[in-house]
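S.K.: Fold the following.
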Amino acid sequence: MKFDFVVFDLDGTLINTLEGITVSVNHALKALNVPYQYEENEVKTFIGRGARRLFRLAMKRDFSEEEYKLYLKYYKEDQIVSSVYEGVEETLKTLEENGIKLLIYSNKPNEVSQPLIKAKLGNINFLHIQGQDPRYPPKPDVTLLLKLLKKYNLIDKKGLYVGDSIVDIETAKNANLENCILTYGYGDKKEIEEGSPTYKINKFEDLIKIVL
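M.R.: Numbering: from 1, shown residues only. Sure thing, here's the model as predicted:
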């Protein structure tokens, strides 16, 4: 096997969360009497660099912590409508059965990521699930990721980062990991091409050929 472990992005990679994110944004804006409502294709352009940036783009202004807390409330509640991408569960099981360590390192807030993974991929034994921690900068910063690799004695040269955007390519490079980009996600296709990903696949199942 070429890799000992794989680190995954979440939104647009493992789970199609766009519908849930769009619903949560519109719920929050309506509750705050902000005169905007968005379609999924618009919200898609906000995704990739953390929930605070996403909410700021949706609000079209800075926001208070109370407003952000309200958004997180809806964000957490509305994620239940999200669905796991085709082939993800089976592929993760195959990797797991072959001794590959599986981790998640996402910009989705940790308090939202944890229950979502438990509900949608609870039968997968992830070594670690890490959503955005406000004590650390969001991806492509890898300060927290490097701490996790050290904690679990994982060697960067034996790891692969899997995502769907230029942020994931940058994250992988910053952590000295090879990267694999899924073309069905939310990332801008032009940015991905310019980022020169190590691997690029159309179906999640194709990850098995790369890792094993």
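S.K.: and N174, how many residues sit next to it?
M.R.: The tally of other residues near N174 (other Cβ atoms under 10 Å) stands at 16. (Glycine included, C-beta is placed from N, CA and C.)
S.K.: Is it in contact with T143, as I believe?
M.R.: No: taking contacts as Cβ atoms under 8 Å, N174 lies outside contact range of T143: 9.4 Å.
S.K.: Model confidence for I80, exactly?
M.R.: With respect to pLDDT, I80 scores 87.
S.K.: Please read the previous query as pertaining to I166.
M.R.: Value listed for I166 in the pLDDT field: 97.
S.K.: Spatially, what comes nearest to it if we skip its sequence neighbours?
M.R.: Using Cβ to Cβ, 6 or more residues apart in numbering and skipping the chain neighbours, the partner closest in space to I166 is E191 (4.0 Å).
S.K.: Is the one you found within a helix or a strand, and which one?
M.R.: E191 is part of helix 189-195 when elements are defined by DSSP states H and E.
S.K.: and this structure, what are its domains?
M.R.: 5-16+83-211, 18-81 (automatic domain parsing).
S.K.: And the strands in the chain, which stretches?
M.R.: 5-8, 15-16, 83-84, 101-109, 128-132, 159-163, 178-182, 199-201 (DSSP state E).
S.K.: Show me what the second one is packed up against.
M.R.: This means strand 15-16. Using 3 or more Cβ pairs under 8 Å, 6 or more residues apart in numbering; DSSP states H and E, the elements in contact with strand 15-16 are strand 83-84, helix 110-121.
S.K.: just the ones you listed: most buried one?
M.R.: helix 110-121 (a mean of 18; mean count of other Cβ atoms under 10 Å).
S.K.: got the angle for that helix vs strand 101-109?
M.R.: Computed with axes from the mean of the first three to the mean of the last three Cα atoms, to 10 degrees, the direction of helix 110-121 lies at 130 degrees from that of strand 101-109.
S.K.: what mean pLDDT would you report for helix 110-121?
M.R.: 95.
S.K.: Can you list phi and psi of the closest residue to D168 other than its chain neighbours for me?
M.R.: The shortest distance from D168 to any non-neighbouring residue, by Cβ to Cβ, 6+ apart, is to D9 (5.1 Å). Main-chain torsions, D9, degrees, to the nearest 10: phi -70, psi 170.
S.K.: what residues are up against D9?
M.R.: D9 makes contact with I104, Y105, S106, Y161, V162, G163, D164, S165, D168, T171, G185, according to Cβ atoms under 8 Å, 6 or more residues apart in numbering.
S.K.: Export these as TSV, with columns for neighbour count and distance to L121.
M.R.: TSV is the format used below for the contacts of D9 (neighbours: other Cβ atoms under 10 Å; distance: Cβ to Cβ, whole Å):
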residue	neighbour count	distance to L121
I104	24	9
Y105	25	15
S106	28	12
Y161	31	18
V162	26	14
G163	32	16
D164	24	16
S165	28	20
D168	32	18
T171	24	20
G185	22	16
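S.K.: residues of stretch 74-89 that come out buried?
M.R.: Y74, Y75, K76, D78, Q79, S82, Y85, V88, E89 (16 or more other Cβ atoms under 10 Å).
S.K.: I'm done for today, thanks for sticking with me.
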